[in-house]
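A.B. asks: With the sequence up front, the predicted model follows.
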Amino acid sequence: MLKSTFYSRFAAAWVLFVAASGCSSCSVVPAPAYPVLSQANINFGSVLLGSRSSQSLTLTNTGGSPLLISGITLTGANAPSFAISDGCGASLAANSACTIQVTFSPSVVGSAVALLNITDNAPSTEQSATLSGTSTNLVTADVIVYGASPSGILASIEAAKLGKNVVLLEPTPILGGMLSNGLGSTDLYGTPLIGGLAEQFFKEVNAAYSSAPSALGGFAFEPHVAESVFKSMLNQYQNIGIFAGALVSSVQMSGSTITSLATRNGLIFQGKEFIDASYTGDLMSAAGVSYSVGRESAAQYAERLAGVGVPAEIVQPPIDAYVEPGNPASGLIAHVTGDNLGIPGSSDAAVMAYNYRLCVTFDPDNQIPFDEPPNYDPAEFELLGRALAHSPQLQLSDLFLFKPLPQNKYDLNNGGLLTPQSTDEVGESYAYPDGSAAIRQQIEQEQVRYTRALMYFLKTDSRVPQKAQAGANELGRCKDEFTGNNGWPYQIYVREARRMIGAYVLTEHDLELETSIPDSIGVGGYPVDCHWVHVVNVNGTVNGEHTGTIQPKPYRIPYRILTPQASQATNLLVSVDVSASHVAYDSLRIEVTYMIMGQAAGAAASLAIDADSTVQAVNYASLSSQLLKDGSVLAPQ
């Protein structure tokens, strides 16, 4: 710096000398470049592990000559934690300035220091600034919500409305669960029973479409619109922090109290109350809370629909189950298994089939065609091919449920119980509920492969009726949905996974209004709806097996099904994988009901904090009063 000052003063003196001497032939020596950094030290403070913080550094050339920059570098052991964005280039004109953006992106916990060096042609050949920061992996809040499903989003908003600091964690890249992942045609059981924040969501969706008839009052929507509305609702509350890509890895407990949860990206979240709003109950499981997977026996809760169902022929005429019709020695056709079911009414560990709820269109300008998957083999769809041979007039709409959405799109769902093969890959979901992240990913990838193969079969196989094949060749995934995932939803449709065994287990008897519910937080009423659980060979013909159905009258949903057993967890609420038998859960398992239970969980978590009580001891009078104030419907109308 002294050297630079010397040259600056020398140049100024020379100019004065030339002017005084009147020497017209003498050359004026321009003042040399003179760089000045706006800061000698940049402290980023505390930054969360895996996130980033940026600050600006200004370099000014106060000299009379261009500053020629030969390098801007970072040195020191912690240099990889910092990055620079050079806005200066190779030359900085006299009396001008440029900006260097400096970013701190810590990858390990602890303090970090580095040196930013600028090498140039100034007489003082190097300028520098010290960079420092500290990384933390600890996030604290009043309420930690795991799973940004619609249930988790509404739980977060309710707790935030009641003045609590909330952290919302989501394992996938997008918010909104299945409503943002293809389930654009909402399952309903009576719109007057939908109140509170759920009603607000559908009203805001309707407003987003300017009440267009195609939006069906807000109950039909494109996936990206659902996500946008959820984000808009969340953005109204500055006391909600959102972390995407946060997959729970472990839970720390003190007795029956959850103290924190850790995620696979190294973060730790501490809170007073926790809510599991995931579709798979991963937080609940990590906390050691009891749960079940599969179907209870009919004897366990004295439910007439419980347990293994009675297999039935899927279509008429019956489909031969063998590769060589009539020859058991030839083996079974693909996707048909041997009849290893227990007796009707016995328990099992199987869950109903999953699928992807695709958002599709017939608009050629907005579609990604279904192409041939690797190792495609049309023999995989022999079951469907044999059924189609008896129905030459079938159309594509006979094989899938096409639910119309705005903008010429459709929510494509499995074709129902009378279709031998559709988007449900029966039997593939059994290992998902308790599966590791790797196993779940394998199942998801297999379901994508299966769906691609199915659509390619319909486009190309000679056994497909002409009208159905023409429709398949005109159909594609929507180019403007799931743009970062080639038009595929980010989440598979987990229709059921784990179910908590909590303070109260909802059963078929509650759906049949045979019980008294003194702690209602909302109203259910969707049919008991179970997709195929097994497709099996029975005496040489293909049969499907699933839980039977009933259409309940509107019934009260008890608060107790959100609470674990007090001996297991006292500050955890579960708003999706609630405490219910398989039969009852088959009625609860729709997004509207999840949303109702999510709002109740958010209110209960806030009340538990205010009263310094366990979730099991939340005062129901206070809870019901708050929910009614928020517009919830607590009793059948």
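C.D. replies: In hand now; what should we look at?
A.B. asks: Which secondary structure element of the chain has the lowest mean pLDDT?
C.D. replies: Lowest on mean pLDDT, DSSP states H and E among the helices and strands of the chain sits helix 2-21, with a mean of 44.
A.B. asks: List the buried residues of the next helix or strand along the chain from that helix.
C.D. replies: As assigned by DSSP states H and E, the chain's next helix or strand after helix 2-21 is strand 35-37. Within strand 35-37, the residues scored as buried using 16 or more other Cβ atoms under 10 Å are 35, 37. For glycine as for every other residue, the C-beta is placed from the backbone atoms N, C-alpha and C.
A.B. asks: State the next helix or strand along the chain beyond strand 35-37.
C.D. replies: Strand 35-37 is succeeded, C-terminally, by strand 41-48 (DSSP H and E).
A.B. asks: Show me what the helix or strand hosting Gly602 packs onto, helices and strands only.
C.D. replies: Secondary structure assignment for Gly602, by DSSP H and E: helix 591-611. Counting contacts by 3 or more Cβ pairs under 8 Å, 6 or more residues apart in numbering; DSSP states H and E, helix 591-611 is packed against strand 138-146, helix 150-161, helix 196-208, strand 268-276, strand 520-524, strand 555-558, strand 572-574, helix 620-629.
A.B. asks: Now Val448. Nearest residue, chain neighbours left out?
C.D. replies: Closest residue to Val448 apart from its sequence neighbours, by Cβ to Cβ, 6 or more residues apart in numbering: Trp488 at 6.2 Å.
A.B. asks: Correction: the previous question concerned Cys88.
C.D. replies: Excluding its sequence neighbours, the residue lying closest to Cys88 (Cβ to Cβ, 6+ apart) is Cys98, at 3.8 Å.
A.B. asks: Wait, the one you found touches Leu59, no?
C.D. replies: Yes: the pair formed by Cys98 and Leu59 meets the contact definition of Cβ atoms under 8 Å, at 5.4 Å.
A.B. asks: what ranges do the helices span in the protein?
C.D. replies: Listed in chain order, the helices of the chain (DSSP state H) span 2-21, 150-161, 196-208, 223-235, 282-286, 382-388, 437-460, 466-473, 508-511, 582-588, 591-611, 620-629.
A.B. asks: Which elements pack onto the longest one?
C.D. replies: Counting contacts by 3+ Cβ pairs under 8 Å, 6+ apart, helix 437-460 packs against helix 382-388, helix 466-473.
A.B. asks: Now with 6 Å, please.
C.D. replies: Packing contacts for helix 437-460, counted by 3 or more Cβ pairs under 6 Å, 6 or more residues apart in numbering; DSSP states H and E, involve helix 466-473.
A.B. asks: Flag the shaky bits of the chain, pLDDT-wise.
C.D. replies: 1-29, 125 (pLDDT under 70).
A.B. asks: Show me the domain layout of it.
C.D. replies: 33-136, 139-287+498-522+558-629, 358-485 (automatic domain parsing).
A.B. asks: what's the span of the longest one from first residue to last?
C.D. replies: Spelled out, that is domain 139-287+498-522+558-629. 31 Å (Cα to Cα, to the nearest Å).
A.B. asks: what would the helices of the chain look like in CSV with mean neighbour count?
C.D. replies: CSV is the format used below for the helices of the chain (neighbours: other Cβ atoms under 10 Å):
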stretch, mean neighbour count
helix 2-21, 13
helix 150-161, 29
helix 196-208, 21
helix 223-235, 20
helix 282-286, 24
helix 382-388, 22
helix 437-460, 18
helix 466-473, 18
helix 508-511, 23
helix 582-588, 27
helix 591-611, 27
helix 620-629, 16
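A.B. asks: nearest to Ala329, of those helices?
C.D. replies: Smallest distance to Ala329 across those (Cβ to Cβ): 16.7 Å, for helix 382-388.
A.B. asks: what separates the residue nearest to Thr280 when sequence neighbours are not counted from Ser436, distance-wise?
C.D. replies: Spatially, and ignoring its direct neighbours in sequence, Thr280 is nearest to Ala497 (4.6 Å; Cβ to Cβ, 6+ apart). Distance of Ala497 to Ser436, computed by Cβ to Cβ, to the nearest Å: 14 Å.
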